[in-house]
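>>> My questions are about this predicted structure, shown below with the sequence.
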Amino acid sequence: MWTKLRQVLWQWRSLLIITPSVTGLIILLRFSGLLQFLEWATFDQYMRLRPQESRDDRIAIVGIDETDLHELIGQDYVPDQLLAQLLVKLQARKPRVIGLDIYRDLPVDPGHTDLAKVYQSYQNIIGIQQVTGAGVPPSPLLKVKGQIGANGLLIDPDAKVRRGFLSISDRQGKQIWSFGMMLALRYLQPEGIQPPEIDAPIYRLGKTTFPAFAANDGGYVGADARRYQILLNYRGPKQSFESVSMSDVLLNRLPPNWGRDRIILIGNVGEIFEDFVFSPFNSGFPLGLEHTPRVEIHANQISQILSSVLDQRPLIKTWAKPLECLWILFWSGLGATLIWQLRYTGGMSKVSLPKVFAPAIAAGGLVGFSYSAFLAGWWIPVIPPLLALAGSAIAVTAYFARMAGSIRKTFGRYLTDTVVANLLENPQGLKLGGERRNITILTSDIRGFTAISERLPAEEVIKIINLYLGYMADVITQYQGTIDEFMGDGILVLFGAPTHREDDATRAIACAVGMQLAMQAVNETMKQQGLPNLEMGIGINTGEVVVGNIGSEKRSKYGIVGDQVNLTYRIESYSIGGQILISESTFKAVETILKIDGQKQVQPKGVQQPITIYEISGIGGKYNLYLPQEEEIFLNLPEAISLQYTALDGKHLDGTIMQGKLSKLSLKGAEIYLIQDEISTVLTPLTNIKLNLQMPNTEVFSDDIYAKVLEQSTDNSFCIRFTNKPPEVEKQLSIIYQNLHKQL
């Protein structure tokens, strides 16, 4: 027995030395304060990642900003008269208590007498004073009545507020409630919950106990734990509470019952007041980029007290130091053990991927456990055990290196881009040049996007593009397409490069149908964000191109070159919103499972002979995807609308202005008949045009409307499909169409 025990101890001797050594080092770092800022950063990140909580409707904020000052008084300060009017207006709404988070120790005329009368008349107005630092005296009138609370916010060395006072001693040594605690106590009294003794060692409200903060709680080391402090359990980031402006109150712009039976906080929120602090939710660097009004921090503290007493919302609790030390020892031992199991003993060890990645999995488990505990109200140390896990693993690995003389270092590169993956697998893949290959090419483009871009700010345009491309990229990835390039609102997708598959053409068409179906989700999101509706056209072609690395030794890209690429763009240019057009070569590769809505002969620029293109509305087989069918109903206008139009050659106008009238209207298109003159003519199908309507009862022409000619109706008329309409024109035409539809 003793021999076996000695053998085990000898085999595990390094682990038994490394584990306590690393643990001791980490504990020393922990209580020296070197890890404090990292623990705070983790605390802040967990606070930001926590699911958003519902708004606490017991609290409302009346914010004062530059707009209020400009609208109400035209100066950069709030006189006592205006403050008195605000308090009277709020009292009329019957709140439980009003918290005045504005330092007002001296008169600010005019109106100081009015403000004094308000202070004397009401018992539910609580003022604030600054006790720490240089200090700011309270309002003398409210001080006499005992309606004053101390500014109970503590700023940590990294300039953030994570703690708050419940009580504190003023400059005369008298213990007073903090501003947040005072307001919470006033609110709780009608609930039958009486305040504790202010000098009690432990504060209890109802069934809730508020443990006092200690110097080394959580991630803190040697913090000033004087007075009665608690860790702040924020309800959410900035603007998590209902907030209205001072102007809204004074100008009666609020609902009649707003404010009843609530805590109303009055505070400065304008930049001019510089009344801001930083919270865990202010993650920007430098900190000056983001900050939170002080009144909102008070609102969070009040909400924390009320929610813990009335709703049993957890307070933030911490472990005792001995338990924390055992926690660090456990993770140090785990890290050493996981690596120790990879050692070679008596021949080749069986090394599996789970063993290799076990420390990383363990680290993920540590983070996951600590985050779950945080959701339940426990602040468990993360950085010390994480360092202990990593430190022990590194120490054992170093031990292996010393014993073996060398360690094989494996560098892995994890790439999701299929192009790069293919290049790495091919020894010749990084060389410039290419190879001929038969592939299927898909291009898409938003109809009328140029006109949309001209009407919107650049920030909105980028927002639209990113939203649209995000949805499309998901669909393309689903069908294993290779996104070769994003070109503004256009997308170039390859099927068959760099990896050839037998069903490239089939997947390309299924992808196109999926992209068009995804436009419904795109436009629902656009509508929610107040952005314009989008329509997309798609062209698909199959042919031989050269694929490979294009560029120079300093900079290159994987791309394609060839006439078939240009032909694909031409086919796409013939499409209207919601349409998919494919070439004859693609059609022949997939024709047995396609649903065809029509075909036409076209002769693209640069092509010697006319080609046939097909309109696709669905694909069967294993994909079984179909576009919804929409019947286009043209209704006769009782009075034709005069217009002028001109053809477009690419992006350029040909300069000939022709006259016509809008005789019929549909939901997405119209019919135009010509004014008989020497210039006006019926344009060929698929021609892009620009037109301007002369709306009824006006001689002014509308903004530019863009459309595509669909077909010739008679010798002197043709149908069009709108590709882009200005918002005002779209609204007017929609009203006309709806009225016509009602008359059917």
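That came through fine.
>>> quick check: mean pLDDT across the helix or strand harbouring A41?
According to DSSP states H and E, A41 maps onto helix 36-49. Summarised as a single mean, pLDDT over helix 36-49 is 92.
>>> for that helix, the distance to its chain's centre please.
Computed by C-alpha atoms, centre = their mean, to the nearest Å, the chain-centroid distance of helix 36-49 equals 20 Å.
>>> which other helices and strands contact the next helix or strand after that helix?
Once helix 36-49 ends, the next helix or strand along the chain (criterion: DSSP H and E) is strand 59-64. Contact here means 3 or more C-beta pairs under 8 Å, 6 or more residues apart in numbering; DSSP states H and E; on that basis strand 59-64 packs against strand 242-245, helix 246-250, strand 263-268, helix 294-310. C-beta here means a position set from N, CA and C on the backbone, and glycine is covered the same way.
>>> Flag every buried residue along the lengthiest helix in the chain.
Ordering each helix of the chain by length in residues (DSSP state H) puts helix 504-528 first. Neighbour-count burial for helix 504-528 flags 504-516, 518-519, 522-523, 526 (criterion: 16 or more other C-beta atoms under 10 Å).
>>> picking that back up, identify the residues contacting the helix holding A41?
The contact list for helix 36-49 (C-beta atoms under 8 Å, 6 or more residues apart in numbering) reads 156-158, 160, 162, 218-221, 234, 237, 280-281, 283, 370-371, 374, 379, 381-384.
>>> Which of these fall within helices?
Those of the contacts of helix 36-49 mapping onto helices are 370-371, 374, 383-384, per DSSP H.
>>> who touches the closest residue in space to H500 that isn't next to it in sequence in this structure?
Excluding the flanking residues, the one nearest H500 by C-beta to C-beta, 6 or more residues apart in numbering is R437, at 6.9 Å. The contact partners of R437, by C-beta under 8 Å, 6+ apart, come to 496-497, 500, 544-547.
>>> hmm, back to that, then the helix holding A41 to PDB, C-alphas only?
Extracted C-alpha coordinates of helix 36-49, given in PDB (Å, rounded to 0.1, in the frame of the first residue of the first chain):
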ATOM      1  CA  GLN A  36      -8.800  44.700  -9.600                       C
ATOM      2  CA  PHE A  37      -9.300  46.600 -12.900                       C
ATOM      3  CA  LEU A  38      -9.700  43.300 -14.900                       C
ATOM      4  CA  GLU A  39     -12.300  42.100 -12.400                       C
ATOM      5  CA  TRP A  40     -14.200  45.400 -12.700                       C
ATOM      6  CA  ALA A  41     -14.100  45.100 -16.500                       C
ATOM      7  CA  THR A  42     -15.500  41.600 -16.300                       C
ATOM      8  CA  PHE A  43     -18.200  42.800 -13.900                       C
ATOM      9  CA  ASP A  44     -19.100  45.600 -16.400                       C
ATOM     10  CA  GLN A  45     -19.200  43.200 -19.300                       C
ATOM     11  CA  TYR A  46     -21.500  40.800 -17.500                       C
ATOM     12  CA  MET A  47     -23.700  43.700 -16.600                       C
ATOM     13  CA  ARG A  48     -23.900  44.700 -20.300                       C
ATOM     14  CA  LEU A  49     -24.500  41.100 -21.500                       C
END
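>>> Mind listing what's buried along that helix?
In terms of neighbour count (16+ other C-beta under 10 Å), helix 36-49 has its buried residues at 36, 39-44, 46-47.
>>> mind putting these in TSV, distance to T113 included?
As requested, the buried residues of helix 36-49 are exported to TSV (distance: C-beta to C-beta, whole Å):
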residue	distance to T113
Q36	51
E39	52
W40	48
A41	51
T42	53
F43	48
D44	46
Y46	51
M47	45
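>>> show me where the stretch 451-600 of the chain has helices.
Ranges of helices in the stretch 451-600 of the chain, per DSSP state H, counting those that start in this stretch, are 458-478, 504-528, 563-573, 584-590.
>>> same thing with the stretch 301-450 of the chain?
Listed in chain order, the helices of the stretch 301-450 of the chain (DSSP H, counting those that start in this stretch) span 321-340, 353-356, 358-375, 383-404, 418-425, 449-455.
>>> Give me the helices and strands touching the longest one, please.
Meaning helix 383-404. Applying 3+ C-beta pairs under 8 Å, 6+ apart, we find helix 383-404 packed against helix 13-32, helix 36-49, helix 321-340, helix 358-375.
>>> wait, which of those helices is closest to P628?
P628 sits nearest to helix 36-49 of all the helices and strands packed on helix 383-404, at 39.4 Å, using C-beta to C-beta.
>>> That closest one to helix 383-404, inter-axis angle?
Between the axes of helix 36-49 and helix 383-404, defined by axes from the mean of the first three to the mean of the last three C-alpha atoms, to 10 degrees, the angle is 120 degrees.
>>> related to what we said a few turns ago, quick check, nearest of the buried residues of helix 36-49 to I26?
Nearest to I26 among those: E39, at 12.4 Å, using C-beta to C-beta.
>>> mind putting the helices and strands packed on strand 59-64 in a markdown table, mean pLDDT and mean neighbour count included?
Shown next, in a markdown table, are those (pLDDT from 0 to 100; neighbours: other C-beta atoms under 10 Å):
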| stretch | mean pLDDT | mean neighbour count |
| --- | --- | --- |
| strand 242-245 | 95 | 18 |
| helix 246-250 | 94 | 20 |
| strand 263-268 | 95 | 24 |
| helix 294-310 | 95 | 24 |
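>>> is it true that N566 touches V607?
No: using C-beta atoms under 8 Å as the test, N566 is too far from V607 to be in contact (9.0 Å).
>>> Below-threshold pLDDT in the chain: ranges please.
Along the chain, segments meeting pLDDT under 70 span 1-14, 134, 283-290, 342-356, 400-433, 551-557, 650-651, 744.
>>> Need the phi and psi values for P195.
For P195, the backbone dihedrals are phi -70, psi 150 (criterion: degrees, to the nearest 10).
>>> For the nearest residue to it once chain neighbours are set aside, list the residues it contacts.
Leaving aside its chain neighbours, P195 sits nearest to L185 (4.5 Å; criterion: C-beta to C-beta, 6+ apart). L185 makes contact with 177, 195, 205 under the criterion C-beta under 8 Å, 6+ apart.
>>> The closest residue to the last one other than its chain neighbours and K207, how far apart?
What sits nearest to L205 in space, not counting adjacent residues and going by C-beta to C-beta, 6+ apart, is V309, at 4.7 Å. The spacing between V309 and K207, counted by C-beta to C-beta, to the nearest Å, is 8 Å.
>>> All set now, cheers.
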